[in-house]
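Chemist: Mind looking at a prediction? Sequence and model below.
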Amino acid sequence: MAFCSAAQANRSFLNQCFLSCSCSPGDRLVSSAKSLMTDQTTTPLSTLREKHRIMSASEIERTLVRLAHEIIEKNNGGRNLGLVGIKRRGVPLAERLGRMISGIEKKHVDTGMLDINFYRDDLSTRDVRPVVSDGAIGFDVNGRNIILVDDVLYTGRTVRAAMDALFDHGRPQRVQLLALIDRGHRELPVEASFVGRVVQTTDREVIEVKLREIDNDEQVLLMERMD
C-alpha cells in the first residue's frame, strides 16, 4: 500500500508540473515553426545561419542622413522631388528620407509606394519574375524627379519591374535609384545613383534588412544558406 501511495504521489507531481506549463509540447513545436518563417518568403530561417551584423540601428540612421544630403545636393534641393518606396522595406526608408529632406529644405517632399509581389531577389529562385500589384503610387509622378527606394539591390529584376510600373503611372522628368545595400550579382544593367553600403556576397549568402516599422527591430544582417 505504501508503494502504491508513493507512485500515485509521483504521478500527481508530474501532472502538476505538466499543467503548469503554458502550452503543450505540440503547441511549442508549432510556435517554433512559425517563428522560423519570414514575411518575405516561405524559406525556413532554420536553413540560414547568421554570419555577422553589417549595420546597427545607429549606422542605418547615419547612412540615411548622408543619403538625404546626397539627394539634396544632386537634385538642387527638394524642389520637384518625389520618393517612391518599393514595398516592403523600401517604403519606410523612403518615408524616413522624405522627412529628413523636408526638415533640411523646410519644404514638404512627397513619398509614395509601389507594391511588388514580391519575390524578393535575396530569398527567391532566379527564375521567379517580380509582379507589380495594381494601386496608386500616392502622388502624381508626371514631370517629377523621382527617387526609387529599395532596401537591397541584387539582380536588378525587382527594380526593372518597379520602373515599368512607375512609367505606367506617368512620365517622370528623371528617375534615380537608391538602395540601402548593394550586394552585387546583377542580371540586368541596373545601377543605383545612391548607395548606403556595398557588400560583397556569394550566391549562398542573404542580406536581411530589419526595420522597426515592419520588424520591430533595426539592423542589417549577413546570413548564409545551410542547405
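Modeler: Yep, it's here.

Chemist: did I read that right, residue 177 in a strand?
Modeler: Yes - counting by DSSP: H, G, I helix; E, B strand; the rest coil, residue 177 falls inside a strand.

Chemist: Contacts only, for it.
Modeler: Each residue near residue 177 by C-beta atoms under 8 Å, 6 or more residues apart in numbering is listed here: 147, 148, 150, 153, 159, 190, 191, 192, 193, 194. To be clear about C-beta, it is placed using only N, CA and C from the backbone, and glycine gets the same treatment.

Chemist: how does it look with 10 Å?
Modeler: Residues near residue 177 by C-beta atoms under 10 Å, 6 or more residues apart in numbering: 86, 146-150, 153, 156, 159, 162-163, 190-195.

Chemist: Chain neighbours aside, what residue packs nearest to the residue most central in space within the chain?
Modeler: By C-alpha atoms, centre = their mean, the chain has its centre lying nearest to residue 89, at 3.7 Å. Leaving aside its chain neighbours, residue 89 sits nearest to residue 151 (4.0 Å; criterion: C-beta to C-beta, 6 or more residues apart in numbering).

Chemist: Give me the neighbour count for that neighbour.
Modeler: As a burial measure, residue 151 scores 25 neighbours (other C-beta atoms under 10 Å).

Chemist: where does the chain have its least confident helix or strand?
Modeler: Ranked by mean pLDDT, DSSP states H and E, the weakest helix or strand in the chain is helix 25-35, scoring a mean of 33.

Chemist: ok now the helix or strand just after that one, how far from the chain's centre?
Modeler: Toward the C-terminus, helix 25-35 is succeeded by strand 48-55 as the next helix or strand (DSSP states H and E). Put simply, strand 48-55 sits 15 Å off its chain's centre (C-alpha atoms, centre = their mean, to the nearest Å).

Chemist: Note down every partner strand of strand 48-55 and its orientation.
Modeler: The strands that strand 48-55 pairs with in its sheet are strand 219-225 (antiparallel) (by DSSP bridges).

Chemist: In the strand it pairs with, which of the residues would be classed as buried?
Modeler: 219, 220, 221, 222, 223 (16 or more other C-beta atoms under 10 Å).

Chemist: Now for those: which two are most distant?
Modeler: 219 and 223 (11.8 Å; C-beta to C-beta).

Chemist: which residues touch the residue nearest to the centre of the chain?
Modeler: Residue 89 neighbours (C-beta under 10 Å, 6+ apart): 40, 120, 149-152, 180, 209-211, 213-215.
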